[in-house]
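**Q** Sequence plus predicted model, see below.
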Amino acid sequence: RPEENTTNDPKILEKHLKETGGKVVTRFPPEPNGYLHIGHAKAMTLDFGYAEKNDGICYLRFDDTNPTAEKQEYIDGIIENIKWFGFKTHQITYSSDYFDRLYEFAIQLIKDDLAYVCHQTPKEMSQGRESMIDSPWRNRPIEESLAEFEKMKKGLYKEGEAVLRLKMNMKSENPCLRDLVAYRVKFMTHPRTGDKWCIYPSYDFTHCIVDSLENITHSLCTLEFQIRQESYFWLLDALRIYKPVVWEFGRLNLSHTIMSKRKLQQLIRENYVTGWSDPRMPTINGLRRRGYTATAIKQFCEIIGVSRKDESLIPIEKLESVLIKELDKTCPRAFAILDPLKITLTNFEKFIEFEAPNHPKNPSFGKRKISLTKVIYIEKSDFRMNDSEDFYGLSLNKEVGLKYGINITCTKAITDKDGKVIELEAEGDFKKERKPKGYIHWISPDQNEKLFTGEVHVYDHLLICEDPSTVDDWLAQINPNSLTCY
Ligand code: ATP
Ligand code: MG
Ligand code: MG
């Protein structure tokens, strides 16, 4: 638990304690511009987890200040994912719920001479920031800024013609204190507030104020926001409202995949994957379709922990191994052949049934019946024309055990005109007189000669390289064999 990095005025603290009863309050603040991914799972494990461990509460807050990219579909998807994880949401809120209050705070700042309307172009603004030179509008009279801000609100300025800026410190070593933009003009219909506003508050303006209004005691965010901590506290001090403790944690990066929503969008748009829930995607929905459970993902997040400096790449195998360990305990087993090779048992006409345990180590899973008929199928890779020391499968004149069934010896390999093996013949040893070198899995049609068939998708890594941040062209790293269909 890092040091608390803020203190509040006793009066403000008293009001805060009255409103919260001293409870820990956290929030998970996704922007609804995409579906959640495994990186968000780490953030949620911390936000919801810290509240839960401390008997506190956690808000789900949609950070919807940028109507350009945000959609109801994503809001619904995020709510559904959080339910699936079983995280307890105290209340769902939206940054847009606070638009009226944020606007009032903006007026207050102008009146206190802590904000001004600026007409610099974005280019002039960034040049001014870089060379630490004040905007020519910085010292205009308060009354003028109030009138100009009103004009912005009424839609009398086009996008880019006027912004509200905070009067911070253009000479600060920290670029995030060089008069940040608080409001910009945007003629966009907002999913929740419709056409009520044509000015929208920036992330920097909104996030800290809403944290304060919701009495968030611990505002957890990823390390890239560390540089913005000073402006976070500056604004709350300027408004004389409650300041949460701010803790940063490292962003999760997994090998062989990417986490940026912008890049995930691109994969979908350019048809590299079928959508947000494609099993190759690092999204929660993709992982679910791949067979991941909520418990495995949460356990993975617990294992990787909160380390502050470690933004290094976590091998994706670490995530996989957590799931494998869980599924090994919880999943009943069955045989499946993906790439079949037909074998005819020449000394057998009948039909026999065997019993196989549904779980190799846990008898409480019970048993299932598996049938053996004259024709069986094994995996192509379990047969080799040329036997070798290290091969435990079937070969010509070699005996192998059918798992939970009989032993068979291959007597003939039928090949096509290119010499490729297309079918085998074998003799069965029903008494299992010898102990074979290896056992292989197999399937047979059932008593009614029915073979259960289906399409199987086998997925591999999305990207060939381990760390896409080290390559120039990440799209060139897309694994062409990330999906094999059988
Ligand atoms: P992107 O840059 O892909 O849009 P973001 O950080 O803007 O990602 P948000 O939806 O705003 O995504 O994130 C909601 C919360 O999840 C934030 O607290 C953010 O810091 C956290 N988060 C996002 N990505 C990761 C990640 N890879 N690892 C840990 N936390 C993350
Ligand atoms: Mg974002
Ligand atoms: Mg964000």
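**A** Yes, it's here. Numbering: from 1, shown residues only. Ligands and ions are numbered 1, 2, ... in the order given.
**Q** Okay, now the unreliable bits of this protein?
**A** 1-3, 307-311 (pLDDT under 70).
**Q** same thing but at 80, please
**A** 1-4, 306-312, 447-448 (pLDDT under 80).
**Q** Pick out the residue of this structure closest to ligand 1.
**A** residue 39 (2.2 Å; CB to the nearest ligand atom). Any C-beta I mention is one placed from the backbone N, CA and C, and that applies to glycine too.
**Q** How many residues are close by that residue?
**A** 18 (other CB atoms under 10 Å).
**Q** Would you agree it is in contact with residue 258?
**A** No - counting by CB atoms under 8 Å, residue 39 sits too far from residue 258 to count as a contact (10.1 Å).
**Q** and the residue of the chain closest to ligand 1, what is it in contact with?
**A** 251, 252, 253, 259, 282 (CB atoms under 8 Å, 6 or more residues apart in numbering).
**Q** how many other residues sit next to residue 148?
**A** Residues near residue 148, counting by other CB under 10 Å: 21.
**Q** buried set for the helix or strand harbouring it?
**A** Per DSSP states H and E, residue 148 falls inside helix 142-153. For helix 142-153, a neighbour-count test (16 or more other CB atoms under 10 Å) marks 145, 146, 148, 149, 152, 153 as buried.
**Q** does the fifth one really touch residue 160, like I thought?
**A** Think residue 152. No - under the criterion of CB under 8 Å, residue 152 makes no contact with residue 160, lying 11.4 Å away.
**Q** can you list the residues of the stretch 201-350 of the chain near ligand 1?
**A** The stretch 201-350 of the chain comes close to ligand 1 at residues 221, 222, 251, 252, 259, 260, 261, as judged by CB under 6 Å from any ligand atom.
**Q** can we see that at 5 Å?
**A** Residues of the stretch 201-350 of the chain lying near ligand 1 by CB under 5 Å from any ligand atom: 222, 251, 252, 259, 260, 261.
**Q** helix, strand or coil for the nearest residue to the last one once chain neighbours are set aside?
**A** To tie it back to what came earlier, the one meant is residue 261. Spatial nearest neighbour of residue 261, chain neighbours left out: residue 34 (3.8 Å); criterion: CB to CB, 6 or more residues apart in numbering. Per DSSP: H, G, I helix; E, B strand; the rest coil, the local secondary structure of residue 34 is coil.
**Q** Make 567 the starting number, not 1.
**A** Fine by me, first position is 567 from now on; the one you just mentioned is residue 600.
**Q** check contacts around residue 600.
**A** Applying CB under 8 Å, 6+ apart, the residues near residue 600 are 640, 827, 830, 831, 842.
**Q** Equivalent analysis for residue 934, please.
**A** Counting by CB under 8 Å, 6+ apart, residue 934 touches 900, 921, 922, 924.
**Q** now swap in residue 570 and tell me
**A** residue 811.
**Q** any idea how far it is from residue 1040?
**A** 39 Å (CB to CB, to the nearest Å).
**Q** The contacts of residue 600, buried ones only, as a ChimeraX selection?
**A** Remark: buried members of the contacts of residue 600, expressed as a ChimeraX selection using 16+ other CB under 10 Å:
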select :640,827,830,842
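**Q** circling back: could you pull out the buried residues of the following helix or strand past the helix holding residue 714?
**A** Counting by DSSP H and E, the element after helix 708-719 in chain order, helix or strand, is strand 729-732. For strand 729-732, burial by neighbour count (16+ other CB under 10 Å) applies to 729, 730, 731, 732.
**Q** got it, and stretch 994-1003?
**A** Those would be 994, 995, 1002, for stretch 994-1003 by 16+ other CB under 10 Å.
**Q** Stretch 819-835 now?
**A** 819, 820, 821, 822, 823, 824, 825, 827, 830, 833.
**Q** hang on, the earlier thing: common neighbours of residue 718 and residue 726, please.
**A** Joint contacts of residue 718 and residue 726 (CB under 8 Å, 6+ apart) are residue 751.
**Q** for the buried residues of helix 708-719, which one is nearest residue 656?
**A** Residue 656 lies nearest to residue 719 out of these, by CB to CB, at 32.3 Å.
**Q** how about the closest one, what does it touch?
**A** Residue 719 neighbours (CB under 8 Å, 6+ apart): 669, 763, 764, 765.
**Q** Export these as TSV, with columns for distance to residue 854.
**A** TSV is the format used below for those (distance: CB to CB, whole Å):
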residue	distance to residue 854
669	40
763	36
764	39
765	39
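**Q** Tabulate these (TSV), appending neighbour count and distance to residue 655.
**A** Listed next are those as TSV, based on neighbours: other CB atoms under 10 Å; distance: CB to CB, whole Å:
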residue	neighbour count	distance to residue 655
669	16	27
763	22	26
764	19	31
765	22	30
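**Q** Residue 1047 in helix, strand or coil?
**A** Quick answer, by three-state DSSP: residue 1047 is coil.
**Q** thinking it is in contact with residue 1025, fair?
**A** No - the pair residue 1047 / residue 1025 is not scored as a contact, 9.8 Å apart, by CB under 8 Å.
**Q** out of those two, which sits in the more crowded spot?
**A** residue 1025 (17 against 10).
**Q** Ramachandran angles for the more buried one?
**A** Phi and psi for residue 1025, reported as degrees, to the nearest 10, are phi -110, psi 150.
**Q** Bridged to it, which residues?
**A** For residue 1025, the beta-bridge partners are residue 1049 (DSSP bridges).
**Q** Quote the end-to-end distance of stretch 1024-1037.
**A** 26 Å (CA to CA, to the nearest Å).
**Q** for stretch 924-931, same thing?
**A** Stretch 924-931: ends 6 Å apart by CA to CA.
**Q** How many residues are close by the residue lying closest to residue 593 once chain neighbours are set aside?
**A** Ranked by CB to CB, 6+ apart and with sequence neighbours excluded, the top spatial neighbour of residue 593 is residue 625, at 4.1 Å. The tally of other residues near residue 625 (other CB under 10 Å) stands at 22.
**Q** From what I see, residue 625 and residue 596 are in contact.
**A** No - applying CB under 8 Å as the test, residue 625 and residue 596 come out as separate, 11.5 Å apart.
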